[in-house]
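Peer 1: Any chance you could fold what I've pasted below:
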Amino acid sequence: MVGPWPHRPGTLRALITILKGPWHVICPPCRRFAPMEVHRDDLDRPYEPCPFVCSRCGVRAEIEQEVPKGFALTEPARRVAKPKPAEPVPAAKPGPWHRPSF
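Peer 2: Numbers count the residues shown, from 1 in each chain. From the prediction side, this is the model:
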């Protein structure tokens, strides 16, 4: 026994873990595909509906293990990095840091 699955079911993490092998993101209207690359930030996103969108036509893509015949290989769209939020600066404590005792 290895124990229960510690993550949410129905996520890209579960899809990658359970179903081994290469996965592809395909766009049926454009008839093109790209190898599926999942970044660490996207592992807990649900895979239904597909979180990938075609960068050309804007249609929601599909995740498939086998590429249909006649589809052209394309480069995955570049991921736009989200800016990190600024860390709040802690407020300085008023008064002396040490109070002497007499």
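Peer 1: give me every residue that touches the residue most central in space within the chain.
Peer 2: Central residue of the chain (C-alpha atoms, centre = their mean): Asp42, 1.5 Å from the mean position. Residues in contact with Asp42 (C-beta atoms under 8 Å, 6 or more residues apart in numbering) are 12, 51. For glycine as for every other residue, the C-beta is placed from the backbone atoms N, C-alpha and C.
Peer 1: what's it sitting at in phi/psi?
Peer 2: Per-residue torsions, Asp42: phi -100, psi 0 (degrees, to the nearest 10).
Peer 1: And Pro49, by the same measure?
Peer 2: The phi/psi pair for Pro49 (degrees, to the nearest 10) reads phi -70, psi 160.
Peer 1: for Ile18, same thing?
Peer 2: Main-chain torsions, Ile18, degrees, to the nearest 10: phi -80, psi -50.
Peer 1: Arg40 versus that one, what's the distance?
Peer 2: Ile18 is 18 Å from Arg40, where distance means C-beta to C-beta, to the nearest Å.
Peer 1: Also Phe52?
Peer 2: Using C-beta to C-beta, Phe52 is found at 16 Å from Arg40.
Peer 1: More neighbours: which of these two?
Peer 2: Set side by side, Phe52 and Arg40 show more neighbours around Phe52, with 23 against 7, by other C-beta atoms under 10 Å.
Peer 1: For that one, which non-adjacent residue is spatially closest?
Peer 2: If you skip the residues right next to it in sequence, Phe52 has Ala61 as its closest partner in space, 4.2 Å away by C-beta to C-beta, 6 or more residues apart in numbering.
Peer 1: is it true that the one you found touches Cys27?
Peer 2: Yes - using C-beta atoms under 8 Å, Ala61 is in contact with Cys27, at 5.2 Å.
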